[in-house]
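take this sequence and fold it.
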Amino acid sequence: LTSSDPPSMCSGGGASSATSAKVSIKVFASCLRPDIEYKTLCVSHSTRARELIWQLLGKFKMKHRDPKLFYLTMDVVISKSGGPVSRTLVLDDDSRPAELSLCNPWGECRFTLQMKKGGLVRIHDSVLMNESQYKSLLISDETTVEDVVKILLHCYGLESFPVRKFCIYEHCKTQNYERKLNYEDRPLSVQDSW
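A predicted model of the protein is given here:
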């Protein structure tokens, strides 16, 4: 979406209020797959960056991806007499990309999905899906046990199940012990302590 072009309105809801109006936002997302250049999403002005990331992952059928591995940047180009000046802004989870795109009347803006460094964890998930032995998930350092359970429920289309009904245990075969992790624990940190 560039400010030199008027934002396109998405078809759909008949609401006429400005807060419920939807706009199209182009998000460059090659970090998901090399063959993906961008995806255009229809969002409201109140849609937050974190929700937009969930939408992107859903559109590309990447339910197993940890949304905390990703963040949005906004490249802003301001036309000045000495030539264009470009700045990249890292958006926090509560940023509203559609609103931000309207705040740059001087030039263009471009949204890009970026990926953080993460780590791989193996979660034995047969309690959710009998046919499954385990799922290997690439998660961020910030991802909690509660987040991992949400990702797994999302993978299997079980979002209606209560998250707190499930637990994750640290299991050590060599020392023959199990420890229930708290919902606030971060599995990568626990794994790194081994």
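
show me the shaky parts of this structure.
For the chain, the stretches with pLDDT under 70 are 1-20, 80, 104-107, 194.

quick one: the helices in it?
Under the criterion DSSP state H, helices of the chain are mapped to 49-59, 97-102, 145-155, 187-192.

what is the last one packed up against?
Under the contact criterion of 3 or more Cβ pairs under 8 Å, 6 or more residues apart in numbering; DSSP states H and E, helix 187-192 touches strand 118-123, strand 135-140. Every C-beta, even on glycine, is put in place using the N, C-alpha and C of the backbone.

buried deepest among these, which one?
strand 135-140 (a mean of 18; mean count of other Cβ atoms under 10 Å).

for that strand, name the packing helices and strands.
Strand 135-140 packs on strand 118-123, helix 145-155, helix 187-192, going by 3+ Cβ pairs under 8 Å, 6+ apart.

quick check, Glu184 in contact with Thr143.
No: with contact defined as Cβ atoms under 8 Å, Glu184 does not reach Thr143; the gap is 11.2 Å.

out of these two, which sits in the more crowded spot?
Ranked by neighbour count (other Cβ atoms under 10 Å), Glu184 and Thr143 place Thr143 first, with 24 against 8.

once you drop chain neighbours, what's closest to that one?
With Cβ to Cβ, 6 or more residues apart in numbering as the criterion, Thr143 has its nearest non-adjacent residue at 5.0 Å, and that residue is Lys68.

number of residues surrounding the closest residue in space to Leu89 that isn't next to it in sequence?
Leaving aside its chain neighbours, Leu89 sits nearest to Met74 (4.7 Å; criterion: Cβ to Cβ, 6+ apart). Residues lying near Met74 (other Cβ under 10 Å) number 20.

is it true that Met74 touches Leu100?
Yes: counting by Cβ under 8 Å, Met74 touches Leu100, with 6.0 Å between them.

got the helices of the chain as JSON lines, with distance to Gly119 columns?
Compiled in JSON lines, the helices of the chain are given as follows (distance: least, Cβ to Cβ, whole Å):
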{"stretch": "helix 49-59", "distance to Gly119": "18"}
{"stretch": "helix 97-102", "distance to Gly119": "28"}
{"stretch": "helix 145-155", "distance to Gly119": "12"}
{"stretch": "helix 187-192", "distance to Gly119": "5"}
